[in-house]
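Asks: Predicted model and sequence below, questions to follow.
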Amino acid sequence: MRPVTTALAVLGLVLTGTGTAQAVPADGPAPPGPVALDHPEFTANVMAPLHVTDWADFEADLRSVAAYGVGAVSVDVWWGDVEGAADNRFDWAYYDRVFETITSHGLDIAPILSFHQAGGNVGDDYTSLLPSWLWEKYAGRSHRGVELGPTGLQHRSEQGNTSAESVQGWADEAVMEEYRDFTGAFTEQYGDRYAEDVVEVNVSLGPSGELRYPSYNQHDEGTGYPTRGALQAYSPLAVRDFQSEMLHRYGSLDRIDAAWGTDHASLDEIAPPEDADAFFAGLDHLDTQYGRDLVDWYNGSLVEHGERVLWTVIDTLGEDFPAADIGYKVPGIHWSMTDPAHPRAAEVTTGLVQTSVDLDSWATGHGYQRVVELANRFDGGPREVVMHFTALEMDDDPGEPAYSLAQTLVGWVGDYAHRAGVELKGENALAGGVHTEEGWDNIEEAFTTWGYLGLTVLRMGDVAEGIGAHRYAQLIETYDPDI
């Protein structure tokens, strides 16, 4: 049996005094421990609603969380809402009111430049589509020798479906001016007014604002939790990039064929798997050179997309919001991890891991090395880049059908971020987790054991009262005792 198919195979488990399982590295140094105790920039944030409709409730929640020490409110700044009417026509009226309301209660702002769609994902109660003019503007253009057409900017899946939730990273160079224009308009509107109140600018790098592919989203049938999801590498731009990358890597088609054991008539035959089910069922993503090369390219493309967009935002911000770090979010894709039929496959289709490295090793971040070290690509730059990781509240559930190692994954990422010198903060994945003592116990473990440095809670209303408010106040008191 493969090591990665055995639940907790690379972990030793010890029981703490409270009776909860605490994961400890079996082949690496001791966990980093409660780094936030000695970290002067511990942050305690909450997420605003996707869209505020009840302003009285919004203000009541702001008063509640401010009273026990929450520092800032994370706010989605929806591209489709602000610039939806026409290219370079911006409407900031809603955000004028939101930001004024937040700061009037003594709270800072952590805006999210939300270059993605709202609606269609778990917990979404609001819909904001990407600007319709975007698809029309680029439909008649070509990029890297590819005619884009009406869906040319969109991801295309193994099922042949396209997703309009975000622009695919392989189209970055074509649309980067749009991200630059939006960021510039944001700074022009708020750079003076909230110069010291914006403490972090988060940047959407994919669906749900996360650095990932839309591998389990509703455009593809039958790919949601807890399935392996679907590869999103089938757009003409993606296929062209894969061909180019493989030619660059190997130097010639003959060398590609020698490495893969194939016999292609031309470079145009190089492509993602025609039968993705067979690709994963045969463990090609783990055991073949073609599969490892494909996953390496897919993961690398995602990270390079993140780097391009983050640099664009950093450069466009210039000296505005001088106190603001830059944040990006990585989702905890915790299911299908130990599934014997296709271990680690959901993480692969989402783009988060490499399989050319040892997935069982703490030294590689169990495959997350490049995603975590994206933050280090900005060392020496004008802004600190912070990674946020989700699923802090969740338990492991390694049996069928979930095959989930959520809690273990939080440890893997925390450990590797600490080794890599990356500032790592966390979020809960689902709102329900902050309504339970067990969920908060897991969040506490991320801080006491795995070196997390801050928390953003989904959503503010879930910690305005009850267990959520009580436990969040306790966490803040522990890590920010001056509150």
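Replies: Thanks, I have the structure now.
Asks: Looking at residue 27 now. What's its pLDDT?
Replies: Predicted confidence (pLDDT) for residue 27: 60.
Asks: what do you get for the one 10 residues further on?
Replies: At residue 37 the predicted local confidence, pLDDT, stands at 92.
Asks: Now do the SS call for it.
Replies: With DSSP: H, G, I helix; E, B strand; the rest coil as the basis, residue 37 sits in helix.
Asks: what's near enough to touch it?
Replies: Contact partners of residue 37, counting by C-beta atoms under 8 Å, 6 or more residues apart in numbering, are 478, 479. Any C-beta I mention is one placed from the backbone N, CA and C, and that applies to glycine too.
Asks: helix or strand for residue 84, which one?
Replies: Mapping residue 84 onto the secondary structure by DSSP states H and E places it in no helix or strand at all.
Asks: contacting residues around it?
Replies: Residue 84 sits next to 128, 129, 131, 132 when contact means C-beta under 8 Å, 6+ apart.
Asks: list the contacts for the last one?
Replies: This means residue 132. Counting by C-beta under 8 Å, 6+ apart, residue 132 makes contact with residue 84.
Asks: measure it to residue 148 for me?
Replies: The span separating residue 132 from residue 148 equals 15 Å under the rule C-beta to C-beta, to the nearest Å.
Asks: Likewise for the first one?
Replies: Here residue 128 is placed at a distance of 23 Å from residue 148 (C-beta to C-beta).
Asks: Name the spans of this protein whose pLDDT lies under the cut-off.
Replies: In the prediction, the chain carries residues with pLDDT under 70 at positions 1-28, 122-123, 483.
Asks: Which ChimeraX command selects the buried ones in the contacts of residue 84?
Replies: Typed into ChimeraX, the line below selects the buried ones among the contacts of residue 84, using 16 or more other C-beta atoms under 10 Å:
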select :128,129,131
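Asks: Tell me the helices and strands packed up against the top helix by length along the chain.
Replies: Determined from DSSP state H, the single longest helix within the chain is helix 289-317. Applying 3 or more C-beta pairs under 8 Å, 6 or more residues apart in numbering; DSSP states H and E, one finds that helix 289-317 contacts helix 172-190, strand 200-203, helix 236-250, helix 253-260, helix 284-287, strand 325-330, helix 369-373.
Asks: how about that helix: buried residues?
Replies: Residues 290-299, 301-314, 316-317 are the ones in helix 289-317 that count as buried (16+ other C-beta under 10 Å).
Asks: now swap in stretch 238-252 and tell me
Replies: By neighbour count, with 16+ other C-beta under 10 Å as the criterion, the buried positions of stretch 238-252 are 238, 239, 240, 241, 242, 243, 245, 246, 250.
Asks: Any chance of those in JSON lines with distance to residue 280 as columns?
Replies: As requested, the buried residues of stretch 238-252 are arranged in JSON lines below (distance: C-beta to C-beta, whole Å):
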{"residue": "238", "distance to residue 280": "18"}
{"residue": "239", "distance to residue 280": "19"}
{"residue": "240", "distance to residue 280": "24"}
{"residue": "241", "distance to residue 280": "22"}
{"residue": "242", "distance to residue 280": "17"}
{"residue": "243", "distance to residue 280": "22"}
{"residue": "245", "distance to residue 280": "21"}
{"residue": "246", "distance to residue 280": "20"}
{"residue": "250", "distance to residue 280": "24"}
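Asks: quick one: which of these is nearest to residue 402?
Replies: If you rank these by distance to residue 402 using C-beta to C-beta, residue 238 comes first, at 29.3 Å.
Asks: Double-check the closest one against residue 156; I have them as touching.
Replies: Yes - the pair formed by residue 238 and residue 156 meets the contact definition of C-beta atoms under 8 Å, at 7.2 Å.
Asks: what separates the nearest residue to residue 422 once chain neighbours are set aside from residue 453, distance-wise?
Replies: Spatial nearest neighbour of residue 422, chain neighbours left out: residue 375 (4.5 Å); criterion: C-beta to C-beta, 6 or more residues apart in numbering. Taking C-beta to C-beta as the measure, residue 375 falls 12 Å from residue 453.
Asks: Give the intersection of the neighbour lists for these two.
Replies: residue 423.
Asks: A helix includes residue 416, no?
Replies: Yes - under the criterion used here (three-state DSSP), residue 416 sits inside a helix.
Asks: check contacts around it.
Replies: Contacts of residue 416 (C-beta under 8 Å, 6+ apart): 362, 364, 365, 366, 368, 369, 372.
Asks: Could you pull up phi and psi at residue 206?
Replies: Main-chain torsions, residue 206, degrees, to the nearest 10: phi 170, psi -170.
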